[in-house]
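>>> take a look and give me a structure for this.
(chains A, B, C, D, E and F)
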There are 6 protein chains.
Amino acid sequence: MRILVMNPNTTASMTASIRATATAVAAPGTEILATEPLWGPESIEGHFEGYLSAAAVLDRLATLDTPFDALVMAGFGEPGREGAQELLDVPVLDITECAVQMALMLGHSYGIVTTLDRAVPQIRDRLLTAGLLQRCAGVRGTGLGVLELEEDPERTVEVILQTARAVVRDGAEVICLGCGGMAGLQERVAAELGVPVVDGVAAAVKFAEAVVGLGLTTSAQRSFAPPRPKAIGSWPLSRHLVRTASGERHRMQDSARHTDFSSETSGI
Amino acid sequence: MRILVMNPNTTASMTASIRATATAVAAPGTEILATEPLWGPESIEGHFEGYLSAAAVLDRLATLDTPFDALVMAGFGEPGREGAQELLDVPVLDITECAVQMALMLGHSYGIVTTLDRAVPQIRDRLLTAGLLQRCAGVRGTGLGVLELEEDPERTVEVILQTARAVVRDGAEVICLGCGGMAGLQERVAAELGVPVVDGVAAAVKFAEAVVGLGLTTSAQRSFAPPRPKAIGSWPLSRHLVRTASGERHRMQDSARHTDFSSETSGI
Amino acid sequence: MRILVMNPNTTASMTASIRATATAVAAPGTEILATEPLWGPESIEGHFEGYLSAAAVLDRLATLDTPFDALVMAGFGEPGREGAQELLDVPVLDITECAVQMALMLGHSYGIVTTLDRAVPQIRDRLLTAGLLQRCAGVRGTGLGVLELEEDPERTVEVILQTARAVVRDGAEVICLGCGGMAGLQERVAAELGVPVVDGVAAAVKFAEAVVGLGLTTSAQRSFAPPRPKAIGSWPLSRHLVRTASGERHRMQDSARHTDFSSETSGI
Amino acid sequence: MRILVMNPNTTASMTASIRATATAVAAPGTEILATEPLWGPESIEGHFEGYLSAAAVLDRLATLDTPFDALVMAGFGEPGREGAQELLDVPVLDITECAVQMALMLGHSYGIVTTLDRAVPQIRDRLLTAGLLQRCAGVRGTGLGVLELEEDPERTVEVILQTARAVVRDGAEVICLGCGGMAGLQERVAAELGVPVVDGVAAAVKFAEAVVGLGLTTSAQRSFAPPRPKAIGSWPLSRHLVRTASGERHRMQDSARHTDFSSETSGI
Amino acid sequence: MRILVMNPNTTASMTASIRATATAVAAPGTEILATEPLWGPESIEGHFEGYLSAAAVLDRLATLDTPFDALVMAGFGEPGREGAQELLDVPVLDITECAVQMALMLGHSYGIVTTLDRAVPQIRDRLLTAGLLQRCAGVRGTGLGVLELEEDPERTVEVILQTARAVVRDGAEVICLGCGGMAGLQERVAAELGVPVVDGVAAAVKFAEAVVGLGLTTSAQRSFAPPRPKAIGSWPLSRHLVRTASGERHRMQDSARHTDFSSETSGI
Amino acid sequence: MRILVMNPNTTASMTASIRATATAVAAPGTEILATEPLWGPESIEGHFEGYLSAAAVLDRLATLDTPFDALVMAGFGEPGREGAQELLDVPVLDITECAVQMALMLGHSYGIVTTLDRAVPQIRDRLLTAGLLQRCAGVRGTGLGVLELEEDPERTVEVILQTARAVVRDGAEVICLGCGGMAGLQERVAAELGVPVVDGVAAAVKFAEAVVGLGLTTSAQRSFAPPRPKAIGSWPLSRHLVRTASGERHRMQDSARHTDFSSETSGI
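Model prediction:
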């Protein structure tokens, strides 16, 4: 089974880190592909960037010619999942919802530690819409921006721990790491915190294996029926974007072969 | 005061109809501008198209050089409003929320008549997130697609009426027209239905006048703070899209001067 | 268009202050009338007084012979709006709901600063019933009684600011002033607070203009159908109240003519 | 123990019927007093009449010189209870809430059969505010007005049964009679329906006995603290109302002595 | 009328204390029986013990040959009530729900003071399921285990008071004692706290009198219909349990005769 | 990895069917054990039987000497899961919640087809408590009892299909089979229905693999902390139950070895 993990921003080091986490938890026989959009913001910290990213992810999906069995969307609290569900006939797992669903299997109430305070209402809204907010004991920001997470890992773990302790005092029995860029830190945080810590990327990969394992996929009934045929100007966007001088190559990393391969998407 | 009304799809006849409704209800001294995105779907009937449209609308806003005092987003149930609120320092009114807020001023419970059944959960989710769903007695689709609304106006009114009557039986005391493309039909429907009928475009224009009239604008506290400075690849998109042969012109209509003017956005 | 603003208590100086705020925000062509009940409490700080006021306001409306196009009810969190909606065929706007609806147009979550702590559950209940509580981040009292607000304006602003800052820490992105007697302070508070501040009287006047501007009025379907014909003992009350020696005159202030005129209601 | 049962409208035959029901269920040692307001509507079918009645009931309570140990307010879905709680230092039981609370002791979900359809949202709102709506399976009107209930008892029972059956199909496991004027019909309806039927007046009397039996009364903390001292014009209203020619006498019926006594309230 | 009060654990001193509270509040003519299960945990502090207790209570009920008119289940936040409602044709009152229902008659919002912090989510869940959580301002643990409550009554009252004050600051206007083992302390706590304090055992006894007084009992419609006939292995359990050497006798205390009597259940 | 699947009732044929479904979906390397309680009801159709079963399952778990890595509880809508979470240090997955969580990964709204109508409120309550009810479009009973499901498989599929279609009309985009005894029918139902159909046993096995695969287990923080040390009379129950003449043997089936082995629990 091949699972495509989509980093919603264009920062390749984050794709690599997400890919590493996904690969580490994949079952034997599961191959992890990881990529990011061909355009859009280097990190996502708000609605404006979230909406750009949603379209950039859909564009990436529309132009990809690699087959896969499930998509994991690795943006925490970000929009776009429903669009991918309409576009694809394989299951789509969002790390926000997967982190929370895993947490619900482990405790009565969960909490989320995220990056900036401005992400808090956005994350809560995604979970409200997903019908998963009821058992949320709290969502708190660390104050670290997405790209700051990688700067000083020791400090990042320390700040996450401090924030997580406050969320536990709010009543959380399980902690979710609320940013794709935190993937890989869950074990260290859990060891010190004493409560289970869930990373959404890891959870989503396992849930993707579960869904694919049962031969299930997104319902085509009502909400996520395929798009109706119609004219869409300049679509897919990346095929209409001016080729830039730098000729930047985009990576897709294959966990099985442990080699990079370039996307072959024409016009890039 | 100048209000920009943004049709979320690229169908110019719909921009014209929305502009006509907006102009008809504008107060003396209010000038209505109307435009649509430079790329994206011709109509929006689902999440995939909604997310494309959200980015296309943000792109249009980022490249517009006409000043305005408020933005009305004329997509019913569609995403993107929060992104525009971050991007702009003038108030942003969404017709979904405005229709419902107007309805709440007129009756105890409201209902919505929209296009396709697949839009129903999407609209409910937007209202859930907006905190405005509690007094909703029902949302029902007419079965007509967005672009079908204009085909046979008599039949459109008839089907809306029939659907609205079902929503009234569900308990609605006020009916909202659930598609920007229904703008202009509210009076005919109300006359036959016997309960108030709210068109979101009309409501949003009046509320935009109200907000601007009080000198208020979107809070920059937390959720809708301006985007942080960062690298965004190929942004604004329309400046990086290959100029197409047809050299399609985009309209912006000015209700005051009653003349069209082309957008001068470079690179299109 | 003539908008009648009803101060729910009998304190004339508060009517004057509410009228001044309403007049200041009214559009050209909008005439503001302001009045108060002919009997009842001098301020409203609880349910008992709220219910008396509701009947006193209905009595005032039943005996008024001045035509108007919309009613603004200027009590924050107080009952009675639904009764006026049944009685009148013009739209009725309540400042509680209007403040919150305006706030919802400006930010993700709102908070309310009110007078006494005992008003807090009452305000929350009104908003719960109105279907507008979901995005409420907090309601807090300043500890100042309604009539104390006018005593020392500097201190009032200071205490409102202090309370508002706590509500912002609760997550509010917009602040609503939670008492008709605070009308006029919104700009000073906003300037210091750095988040938008909404006064309900101002919001309600603009929304009244919006509703009347669209030719809409309260639905007569179900909840707010006109009262059924029946015997009502001693109604209207003010026509049956013993004329008191003092022969007190009641004011109605007309923003256009800037002159007072006495109500001509017989028996007063 | 003396329980005062307040019919919210001025129809004496309804007071008598409510008093009979209350007396029939009272424990040995419980004395039932029953009365109605000195002014106001003959029946209550909507918000306007409900608000008048609330003030009329408070006026009646303010001028009554008979001591009692608990107040039962016998209007279903009508406002005013919170005002009486502030005014009195004995417990106040509302039949709406008591019917539902009794029903919650008897089954998983309850339903309500009321008079006119227009009462349905009003009743739901009262229960929403009371925090008792969650287990409501449905509220339905019979189409009979309040005063029509007494006209043809056979037909009334038949229509209640028919409506109750629909509410049971909605999922109700217990039925509440949703009008004080239905008091006394619960046994006949239950016998035919096969599910428990609760009359609010009966429930409230028993709950009043329970509360008084434990020596408890309304909390003076926050919401229902006594009114603050202040000027209230023309209060109590009935002391300022012009004595009418007919010199109508008001009844208070004492279940113990089984005799009527007139209220001695001065000025009536 | 005979009310059976069931202590859910096997600690006889707690049965005695619960019985004393029940007897103290019973009306003349109400006889209180009190007993506990024949097996199971000595106290209940969590889900595991709660589920054992639920079965042990049902077993006790299935083997009891004493008739009674109502059952009071004296475990706070513990499961099992629905099972007893299916098994018995007399009404079943749970002290959790009764405490809260009584509190709702006395104030706008209530709070609960319980034993260990781990009970808090369990209590909230019971009230969520019962549809009674909406007006809950807070549930807090004292940190005292169930059996510790009896150790040092002075300290117990002190710790309850301290916790109750925090719950009042959370917004509670009435306090419920959240453990059957706190029965009897309500008056002392109330005297110092200044807000009404409700003990669930006392409330449940009075509500049982109310329900029985109206001739009502649990609905057999849907949720609490009698169990269907089927094979149940080793049921009732206590008839299949090996007789232990100690030959322990179980008490049932009769408030009328003030004497103990042993249960005659065979096989014990 | 070894997953223990617990049939909550004592019907061995149902254990076999559940075990077959679990084995069919297990990943390579996953061994399925399946068993049922040593006492209790042959099927569970209500609260009384559910509570007995909860204790019987806990008893079975307390006396089992086979190690396992995760527990799947195969009762739909039945209590007990929280108790097992306290008792065990391996993760516990309930099929009710797992079916719904899987459904949430596949569509916007889900529906449930269960056995008897009386199970409907019970299932809804379990999901309400689990925080998973929000996206439920409907729960409907087929009218077939648990043990009737196996009687005529053709008719069972037909009745499930008919009920599922009604739930789809209610708005469900995914259907959950709402009884452990329906395990194995999902593919046939899905094929005819055209929307995804989730069997809880299958979902729970895959989710158990996911949780164990990440090295996670139940939080010991607060709700599901291990039981405190205390005296529990006659525990474990099965060790104190009188050995019956028939000497019934209990099965545990091992999917790896495909052989039965008897439980060695002493005293049975």
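
>>> show me the helices in the stretch 151-268 of chain A, by range?
Using DSSP state H, counting those that start in this stretch, the helices of the stretch 151-268 of chain A run over A:153-169, A:186-193, A:200-213, A:237-240.

>>> D:Gly215: which of these is closest?
The closest approach between D:Gly215 and any of the helices of the stretch 151-268 of chain A, judged by Cβ to Cβ, belongs to helix A:153-169 at 38.2 Å. In short, each C-beta sits where N, CA and C put it, glycine included.

>>> identify each buried residue in that closest one, please.
A:156-157, A:159-161, A:163-165, A:167-168 (16 or more other Cβ atoms under 10 Å in any protein chain shown).

>>> most proximal residue of the stretch 101-250 of chain A with respect to chain D?
Relative to chain D, the nearest point of the stretch 101-250 of chain A is A:Gln134 (13.4 Å; Cβ to the nearest Cβ).

>>> centroid residue for chain A?
In chain A, the residue lying closest to the centroid (Cα atoms, centre = their mean) is A:Ala74, at 0.9 Å.

>>> what sits against A:Ser17?
By Cβ atoms under 8 Å, 6 or more residues apart in numbering or on different chains, the contact list for A:Ser17 reads A:150, A:181, A:183-184.

>>> swap in A:Leu4?
Residues near A:Leu4 by Cβ under 8 Å, 6+ apart: A:33-35, A:64, A:66, A:68, A:70-72.

>>> quick revisit: nearest approach to chain E belongs to which of the helices of the stretch 151-268 of chain A?
Here helix A:153-169 is closest among these (Cβ to the nearest Cβ), at 11.1 Å.

>>> check whether the closest one contacts chain C.
No: contact of helix A:153-169 with chain C is not found when judged by Cβ under 8 Å from any Cβ of the partner chain; the minimum separation is 14.3 Å.

>>> stretch A:36-45 too?
No: judged by Cβ under 8 Å from any Cβ, stretch A:36-45 stays clear of chain C, getting no closer than 15.3 Å.

>>> helix or strand for the residue of the stretch 101-250 of chain A found nearest chain C, which one?
Residue of the stretch 101-250 of chain A nearest chain C, by Cβ to the nearest Cβ: A:Pro121 (4.9 Å). Per DSSP states H and E: A:Pro121 is located in helix A:119-130.

>>> so is that helix next to chain B?
Yes: interface with chain B: helix A:119-130 contributes A:120-122, A:125, A:128-129 (Cβ under 8 Å from any Cβ).

>>> and the next helix or strand after that helix, does that touch chain C?
Downstream of helix A:119-130, the first helix or strand assigned by DSSP H and E is strand A:136-141. No: if you take Cβ under 8 Å from any Cβ as the test, strand A:136-141 misses chain C, and the best it gets is 10.6 Å.

>>> and the angle for strand A:136-141 with helix E:119-130?
Orientation check (axes from the mean of the first three to the mean of the last three Cα atoms, to 10 degrees): strand A:136-141 against helix E:119-130 gives 120 degrees.

>>> re earlier: now do the contacts for the residue of the stretch 101-250 of chain A closest to chain C.
Residues in contact with A:Pro121 (Cβ under 8 Å, 6+ apart) are B:222-223, C:108-109, C:171.

>>> among those, who's most crowded?
C:His108 (30 neighbours; other Cβ atoms under 10 Å in any protein chain shown).

>>> for the closest residue to that residue other than its chain neighbours, which residues are in contact?
Nearest residue to C:His108 in three dimensions, chain neighbours excluded: B:Ser223, at 3.8 Å (Cβ to Cβ, 6 or more residues apart in numbering or on different chains). Neighbour list for B:Ser223: A:47, A:118, A:121-122, B:82, B:85, C:107-109, C:173 [criterion: Cβ under 8 Å, 6+ apart].
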